[in-house]
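In: The amino acid sequence is not available; the structure is as follows:
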């Protein structure tokens with residue numbers, strides 16, 4: 001296949017194959033090279049003045065895109081295209097810093113000449129036969145020579161698996177605007193550095209791209225290396241800090257009975273989100289290196305955060321009369337209430353001791369202690385509101401329930417994040433942003449917990465009459481007189497009404513409203529990070545929210561029919 005040389009770092013750009021003709025132009029993309037270059041330059045200037053870092057929510061990308069177009073008298077029809085350019089420009093420095101062998105080049109199947117392409121498909125996409133009939137061969141060969149992984153497929157399940165495996169840290173992707181628009185939220189959720197090259201038309205057959213633009217992007221590189229935090233590996237690392245030998249060392253175990261019970265309790269199962277978040281913040285801020293041994297002072301801070309949390313669980317189980325925790329007997333069910341209360345109090349004291357004994361500057365230690373004290377008080381206030389409600393259970397207003405959530409659930413996230421930030425010497429802007437993030441994410445987390453209770457089947461639902469429920473509160477607001485009587489009886493402890501209340505919750509349409517509220521609080525948390533200039537921290541928090549709420553759901557977006565595994569090049573028409 002003939003090629004033409006481009007004088008740019010001795011790179012050879014593949015020629016456009018004459019038979020690969022443009023079909024139906026995408027009217028949302030400028031078809032003039034001059035217009036595209038002008039918009040690219042305007043976006044670059046805009047981003048330079050903006051001085052901000054990704055990820056950006058899709059709505060904010062659109063807002064900036066329209067602002068660029070309006071100021072420069074371009075049609076707003078180009079908003080999606082300029083949104084892509086804007087997002088690309090934000091991610092470009094990070095993508096350039098990531099090694100080629102940690103990048104994925106994702107090409108669409110519609111670049112091939114469909115009627116004569118001899119390449120078969122497997123579960124990963126097109127298996128290029130290197131026939132030279134389209135630009136896929138040259139692009140794939142050049143990218144693989146640099147070290148890229150290359151897929152010629154619709155970007156969905158396989159791509160997400162590669163991202164989750166931590167083998168891929170950045171993506172260069174080619175697709176039509178309609179698909180790119182759908183993928184933006186998923187890229188933002190995963191905080192994946194990515195540059196997208198839109199197809200010049202979107203009719204899914206023998207499409208064209210600005211191949212020189214793609215060629216330049218493939219070769220982007222920088223001197224600094226930026227590696228995404230391996231969240232799964234970090235969680236495994238943090239879990240080792242809670243193994244018995246590690247806890248005995250860090251807690252200066254001396255054989256005391258109460259101390260042994262506390263260590264055993266810390267050693268039990270649990271997600272350990274809070275110590276993980278504390279450690280992750282220090283990695284994102286560059287104080288800890290994930291590939292090196294973590295500082296003992298940080299381990300003490302992270303374990304202290306978990307001490308506070310595990311103490312609250314002991315006390316909650318007593319107050320809620322719950323006999324099980326993590327599939328085993330709760331502390332008071334196994335050892336009695338007096339001992340359980342004592343162990344819980346011991347863990348609180350131990351948490352403060354560990355922070356106080358960290359060999360860090362006095363002002364940092366004081367700030368960490370202040371954060372822990374404030375979180376402890378808020379948690380008790382939130383639990384106090386719930387305990388007061390139990391004395392006179394019944395309908396409680398939505399805002400009162402949300403305030404209870406913010407005091408009871410948010411402090412644990414807040415303390416973990418802000419102690420990690422203060423330990424790292426973060427600015428007050430970062431510390432304040434993390435507090436707003438935690439306050440809102442904590443409420444969203446509790447709303448999500450209520451939703452999961454409601455979405456269980458009738459026999460498996462965890463709805464309880466002795467706990468305030470946002471779901472039942474919203475139902476009560478819209479309930480008939482008879483339904484309010486039913487709920488009042490339920491709150492007063494009439495267990496015979498349980499099945500009827502659960503069925504009412506399943507039949508109610510307020511779950512959609514709860515989903516909206518959850519998303520609203522999530523976005524309020526995420527928006528608190530928008531002004532942060534640290535891309536690693538911003539991306540970390542975005543990815544954490546995605547994991548907390550299991551937001552990344554893989555699906556297919558491309559309208560093109562999947563092709564069968566037929567080496568003759570014949571395409572079978574099957575649904576996507």
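Out: That came in fine, so what should we check first? Model, not experiment: these values are computed from the prediction.

In: contacts, neighbours, all on C-alpha from now
Out: Noted.

In: what ranges of this protein fall below the confidence cut-off?
Out: The model of the chain has pLDDT under 70 over residues 1-26, 111-135, 153-166, 181-188, 201-208, 223-228, 454-465, 506, 550-576.

In: for it, what spans make up the strands?
Out: Under the criterion DSSP state E, strands of the chain are mapped to 3-5, 12-14, 103-107, 121-122, 125-126, 149-152, 170-175, 194-198, 324-325, 328-329.

In: Figure out which of those strands is closest to residue 499.
Out: strand 324-325 (22.8 Å; C-alpha to C-alpha).

In: re earlier: tabulate the strands of the chain (CSV), appending distance to residue 79 and mean neighbour count.
Out: Below are the strands of the chain laid out as CSV (distance: least, C-alpha to C-alpha, whole Å; neighbours: other C-alpha atoms under 10 Å):
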stretch, distance to residue 79, mean neighbour count
strand 3-5, 33, 11
strand 12-14, 29, 20
strand 103-107, 23, 24
strand 121-122, 34, 16
strand 125-126, 30, 20
strand 149-152, 27, 21
strand 170-175, 16, 24
strand 194-198, 13, 23
strand 324-325, 51, 15
strand 328-329, 55, 12
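
In: Can you verify my assumption that residue 198 contacts residue 179?
Out: No. In this structure, residue 198 is not within contact of residue 179 by C-alpha atoms under 8 Å, at 9.3 Å.

In: Give me the common contacts of the two.
Out: In terms of C-alpha atoms under 8 Å, 6 or more residues apart in numbering, residue 198 and residue 179 are not both contacted by any residue.

In: domain assignment for this protein?
Out: 3-218, 231-359, 364-532 (automatic domain parsing).

In: between those, which one is nearest to residue 549?
Out: Checking the domains of the chain against residue 549 by C-alpha to C-alpha gives domain 364-532 as the closest, at 7.5 Å.

In: Ends of that closest one, what's the gap?
Out: End-to-end distance of domain 364-532: 21 Å, with C-alpha to C-alpha, to the nearest Å as the criterion.

In: now that domain: how far from the chain's centre is it?
Out: Distance, stretch centre to chain centre, for domain 364-532: 20 Å (C-alpha atoms, centre = their mean, to the nearest Å).

In: In TSV, list the domains of the chain along with distance to residue 543.
Out: Compiled in TSV, those are given as follows (distance: least, C-alpha to C-alpha, whole Å):
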stretch	distance to residue 543
domain 3-218	5
domain 231-359	9
domain 364-532	10
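
In: So which of the ones you listed is nearest residue 539?
Out: When the domains of the chain are compared by C-alpha to C-alpha, domain 3-218 sits nearest residue 539, at 4.9 Å.

In: for residue 439, what are its contacts?
Out: For residue 439, the contact set (C-alpha under 8 Å, 6+ apart) comprises 406, 410-411, 413-414, 525.

In: Look up how far residue 403 lies from it.
Out: 10 Å.

In: With residue 379 instead?
Out: To residue 403, residue 379 is 12 Å away according to C-alpha to C-alpha.

In: Check residue 344 too.
Out: When distance is defined by C-alpha to C-alpha, residue 344 is 25 Å away from residue 403.

In: More neighbours: the two, which one.
Out: Each of residue 344 and residue 403 has its neighbours counted (other C-alpha atoms under 10 Å); residue 344 has more, 25 against 13.

In: ok, which pair from the contacts of residue 439 is furthest apart?
Out: Pairwise over the contacts of residue 439, using C-alpha to C-alpha, the maximum falls at 411 and 525, 13.9 Å.

In: between the two, what contacts are shared?
Out: Common neighbours of residue 411 and residue 525, counting by C-alpha under 8 Å, 6+ apart, are 438-439.

In: which residues sit against stretch 473-483?
Out: Outside stretch 473-483, the residues that touch it by C-alpha under 8 Å, 6+ apart are 395-398, 484, 487, 505, 508, 510.

In: any idea which helix is longest in the chain?
Out: Using DSSP state H, we find that the single longest helix of the chain is helix 362-391.

In: Now do the buried residues in it.
Out: By 16 or more other C-alpha atoms under 10 Å, the buried positions in helix 362-391 come out as 364-365, 368-369, 371-372, 375-376, 378-379, 382-383, 385-387, 389-390.

In: Equivalent analysis for stretch 522-535, please.
Out: Neighbour-count burial for stretch 522-535 flags 522-530, 532, 535 (criterion: 16+ other C-alpha under 10 Å).

In: Over to stretch 486-503?
Out: Taking 16+ other C-alpha under 10 Å as the criterion, stretch 486-503 shows 486-492, 497-498, 500-502 as buried.

In: quick one: terminal-to-terminal distance for it?
Out: One end of stretch 486-503 to the other measures 12 Å (C-alpha to C-alpha).

In: again, but for stretch 218-238
Out: One end of stretch 218-238 sits 36 Å from the other (C-alpha to C-alpha).

In: thinking in terms of the whole chain, how far from its middle is that stretch?
Out: 15 Å.

In: Stretch 261-273 now?
Out: The chain centroid and the centroid of stretch 261-273 are separated by 25 Å under C-alpha atoms, centre = their mean.

In: How about the contacts made by the residue nearest to residue 64 when sequence neighbours are not counted?
Out: In this structure, residue 64 finds its nearest non-sequential neighbour in residue 83, 7.4 Å apart by C-alpha to C-alpha, 6 or more residues apart in numbering. Residues counted as contacts of residue 83 (C-alpha under 8 Å, 6+ apart) are 61-62, 64-65.

In: Which of those sits closest to residue 299?
Out: For the contacts of residue 83, the nearest to residue 299 is residue 61 (38.5 Å; C-alpha to C-alpha).

In: Report the contact partners of residue 264.
Out: By C-alpha under 8 Å, 6+ apart, residue 264 lies in contact with residue 244.

In: And it, how close does it get to residue 62?
Out: On the measure of C-alpha to C-alpha, residue 264 and residue 62 end up 51 Å apart.

In: Run a quick neighbour tally on residue 209.
Out: Residue 209 has 19 neighbouring residues, counting by other C-alpha under 10 Å.

In: so who does it touch?
Out: Counted by C-alpha under 8 Å, 6+ apart, residue 209 has contacts 197-200.

In: And residue 445, by the same measure?
Out: Taking C-alpha under 8 Å, 6+ apart as the test, what residue 445 contacts is 409, 518, 548-549.

In: Could you dump the residues you listed into TSV and include neighbour count and distance to residue 110?
Out: Below are these laid out as TSV (neighbours: other C-alpha atoms under 10 Å; distance: C-alpha to C-alpha, whole Å):
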residue	neighbour count	distance to residue 110
409	23	48
518	22	38
548	13	36
549	15	34
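
In: all helices of the stretch 351-500 of the chain, in order?
Out: Counting by DSSP state H, counting those that start in this stretch, the stretch 351-500 of the chain has helices at residues 362-391, 398-408, 410-423, 428-455, 470-478, 481-491, 498-507.

In: tell me the angle of the third one relative to helix 362-391?
Out: Here helix 410-423 runs at an angle of 180 degrees relative to helix 362-391 (axes from the mean of the first three to the mean of the last three C-alpha atoms, to 10 degrees).
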